[in-house]
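Trainee: okay, structure incoming, though there's no sequence with it:
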């Protein structure tokens, strides 16, 4: 088995309405095949979809102002940013030490509901997660097939912090054509014993692998991965929503 | 940027006292260079180090029996396995729904303190995590250098479940010669704004990438990764203990 991940170089700054498949296809480091996976940092997707808000047009509620004050971060949290985070959240799990840990409307648990002020031209704009990242991935995949005749899987990622471990790692928030979880539950290993690691978050492992293959300053949002054909499907499949652990099955909320 | 991960094929079943560097070096899919990373599933390391216990020799305490009964898993938890898990744990965070979420003596948070009954020949043996996985990685690296004259980084991994997300992903529990976290905190992106994803768990992303390059039935514990030279150091460095979030900075215990 061998896996190769290579960054897509020379993408322009993404703007609202941009067609990502059209921008990525001619810049791939090698021609895509059906079993490949194209991994795209969500910020490029969000910008193309116009999921950007100008803070100057945000009127923070009293709740957002209170929360910004309570967080007492250094530098202080902008109450308008807090308002955007609240708008993007279904629930706030923690609001302490300058950090808001949120459940997004999709069900993802992450800091600031994925709202991000970096890599955004325009002094006071922030980028939100795509409204439906699985739909974003499906649309990019369909367009890619239209343009090139091949349909690699498409994965949309973000960098999430984790409980218990330092640092962030990239995870998948949307995908099409990828089986996001590999299910070996109940299967035997080669000794005939039941296996322990049996439900593998392939999609998140791909997001992590892709992150290692690109520059971190925001100029290389797309990476192509070869060597995981066994996880790629012709059908778009259930998407990254399969990765969301239900609150009822979660011991850590 | 390009990353390649390739499995090491044809390793024998690992036994107590085996010299992993000697077994891996001649079987690498390409000759290792100083900037490469050799990723090894901990079970191979644990077996070589004799970190195996026979359940038939474990006398469960009253506490272990009670806990096994309370967990009420299907099939029922073996009180002897629970005893081994307790022996490997500094603290039990959750004991519900058939699952023990533990803080290991190293500080890792994972199910069953990483104690694993799969891929172990011998009906009633279980494998524990290495006592000091960073030391394990350093020893394998040193031996590799002795044998071959080159010193790739060495990473020891396990599959951990995660809060909030379904499925397991491989993470790093020990490493030598790798800078486990890439620190961009305070750095600017290309627009001059402060970056959001700024403290990147490189070691865990490498573990995840390696997991995609090997068979999951336990026959391919080792993977070599090329293309991440920028994270590899001549010094062994601080190891995976840097990935352990202190209880004081953890909002989810």
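Mentor: Received the coordinates, thanks. Just so you know, these numbers come straight off a predicted model, no measurement behind them.
Trainee: what sits closest to the most centrally placed residue in chain A if chain neighbours are left out?
Mentor: Residue closest to the mean C-alpha point of chain A, counted by Cα atoms, centre = their mean, is residue A:157 at 2.4 Å. Taking Cβ to Cβ, 6 or more residues apart in numbering or on different chains, and ignoring the residues beside it in sequence, residue A:157 has residue A:207 as its nearest neighbour in space, at 4.1 Å. Any C-beta I mention is one placed from the backbone N, CA and C, and that applies to glycine too.
Trainee: thinking again about what came up before, sec struct for the residue nearest to the centre of chain A, please.
Mentor: State at residue A:157, reduced to three classes by DSSP: H, G, I helix; E, B strand; the rest coil: strand.
Trainee: quick one: it from residue A:13, how far?
Mentor: Going from residue A:157 to residue A:13 by Cβ to Cβ, to the nearest Å gives 19 Å.
Trainee: for residue A:29, same thing?
Mentor: Between residue A:29 and residue A:13 the computed distance is 20 Å (Cβ to Cβ).
Trainee: go on, residue A:136?
Mentor: 19 Å.
Trainee: these two: who's more crowded?
Mentor: Residue environment comparison for residue A:136 versus residue A:13 gives the larger neighbour count to residue A:136, 27 against 13, counting by other Cβ atoms under 10 Å in any protein chain shown.
Trainee: so that one is in which element?
Mentor: Here residue A:136, judged by DSSP states H and E, is contained in helix A:133-148.
Trainee: buried residues in that helix?
Mentor: A:133-141, A:143-144 (16 or more other Cβ atoms under 10 Å in any protein chain shown).
Trainee: any idea how far residue A:41 is from the residue nearest to residue A:157?
Mentor: Computed as Cβ to Cβ, the residue A:207 to residue A:41 distance reads 9 Å.
Trainee: shared neighbours, the two?
Mentor: Contact criterion Cβ atoms under 8 Å, 6 or more residues apart in numbering or on different chains; residues shared by residue A:207 and residue A:41: A:157, A:170.
Trainee: test my guess that residue A:71 contacts residue A:95.
Mentor: Yes. Shown here, residue A:71 and residue A:95 form a contact pair, counting by Cβ atoms under 8 Å, at 6.2 Å.
Trainee: where along the stretch 51-200 of chain A do the strands fall?
Mentor: When assigned using DSSP state E, counting those that start in this stretch, the strands of the stretch 51-200 of chain A occupy the ranges A:52-54, A:89-96, A:99-104, A:109-111, A:125-127, A:153-161, A:168-176, A:182-183, A:199-200.
Trainee: for the fourth one, the distance to its chain's centre please.
Mentor: So the one you mean is strand A:109-111. For strand A:109-111, the gap between its own C-alpha mean and the chain's C-alpha mean amounts to 11 Å (Cα atoms, centre = their mean, to the nearest Å).
Trainee: that one pairs with which strands?
Mentor: Applying DSSP bridges to the sheet, strand A:109-111 is found paired with strand A:99-104 (antiparallel).
Trainee: list the buried ones in the strand it pairs with?
Mentor: If you call a residue buried by 16+ other Cβ under 10 Å, then strand A:99-104 has these buried ones: A:100-104.
Trainee: repeat that for stretch A:231-245.
Mentor: A:231-232, A:236-237, A:239-245.
Trainee: low-confidence bits of chain A, can you list those?
Mentor: The model of chain A has pLDDT under 70 over residues A:73-75, A:118-123, A:188-197, A:218.
Trainee: quick revisit: quick check on the residue nearest to residue A:157: phi, psi?
Mentor: With angles defined as degrees, to the nearest 10, residue A:207 shows backbone torsions of phi -60, psi -40.
Trainee: correct me if wrong: it contacts residue A:171.
Mentor: Yes. In terms of Cβ under 8 Å, residue A:207 counts as a neighbour of residue A:171; the distance is 5.2 Å.
Trainee: okay, those two: which has more neighbours?
Mentor: It is residue A:207, of residue A:207 and residue A:171, that has more neighbours when counted by other Cβ under 10 Å, with 31 against 28.
Trainee: what's across from residue A:96 in the sheet?
Mentor: For residue A:96, the beta-bridge partners under DSSP bridges are residue A:99.
Trainee: gap between it and residue A:66?
Mentor: Computed with Cβ to Cβ, the distance linking residue A:96 and residue A:66 is 14 Å.
Trainee: same question for residue A:17.
Mentor: Separation of residue A:17 from residue A:66 (Cβ to Cβ) stands at 37 Å.
Trainee: and these two? Which one has more around it.
Mentor: Legend: neighbour count by other Cβ under 10 Å for residue A:17 and residue A:66, higher for residue A:66 (13 against 9).
Trainee: contact partners for residue A:21?
Mentor: Neighbours of residue A:21 in contact, by Cβ under 8 Å, 6+ apart: A:140, A:143-144, A:146-147.
Trainee: kindly report the same for residue A:56.
Mentor: With contacts defined as Cβ under 8 Å, 6+ apart, the neighbours of residue A:56 are residue A:124.
Trainee: do residue A:168 as well
Mentor: The neighbours of residue A:168, taking Cβ under 8 Å, 6+ apart as the test, are A:159-162, B:197-201.
Trainee: now residue A:206: how far from residue A:88?
Mentor: If you measure residue A:206 against residue A:88 using Cβ to Cβ, the figure is 25 Å.
Trainee: again with residue A:133
Mentor: Using Cβ to Cβ, residue A:133 is found at 13 Å from residue A:88.
Trainee: and if you look at residue A:200?
Mentor: Here residue A:200 is placed at a distance of 29 Å from residue A:88 (Cβ to Cβ).
Trainee: now swap in residue A:57 and tell me
Mentor: Relative to residue A:88, residue A:57 is positioned 16 Å away (criterion: Cβ to Cβ).
Trainee: when these two are compared, which one has more neighbours?
Mentor: In this comparison of residue A:57 against residue A:88, neighbours counted by other Cβ under 10 Å, the higher total goes to residue A:88 at 21 against 9.
Trainee: give me the neighbour count for the nearest residue to the more buried one once chain neighbours are set aside.
Mentor: Leaving out its chain neighbours, the residue that sits closest to residue A:88 by Cβ to Cβ, 6+ apart is residue A:113, at 3.8 Å. Residue A:113 is surrounded by 26 other residues when neighbours are defined as other Cβ under 10 Å.
Trainee: and for residue A:108?
Mentor: Taking other Cβ under 10 Å as the neighbour definition, residue A:108 ends up with a count of 23.
Trainee: that one contacts residue A:172, correct?
Mentor: No. Counting by Cβ under 8 Å, residue A:108 does not reach residue A:172; the two are 10.1 Å apart.
Trainee: test my guess that residue A:24 contacts residue A:41.
Mentor: No. Because the distance of 11.9 Å does not satisfy Cβ under 8 Å, residue A:24 is recorded as not touching residue A:41.
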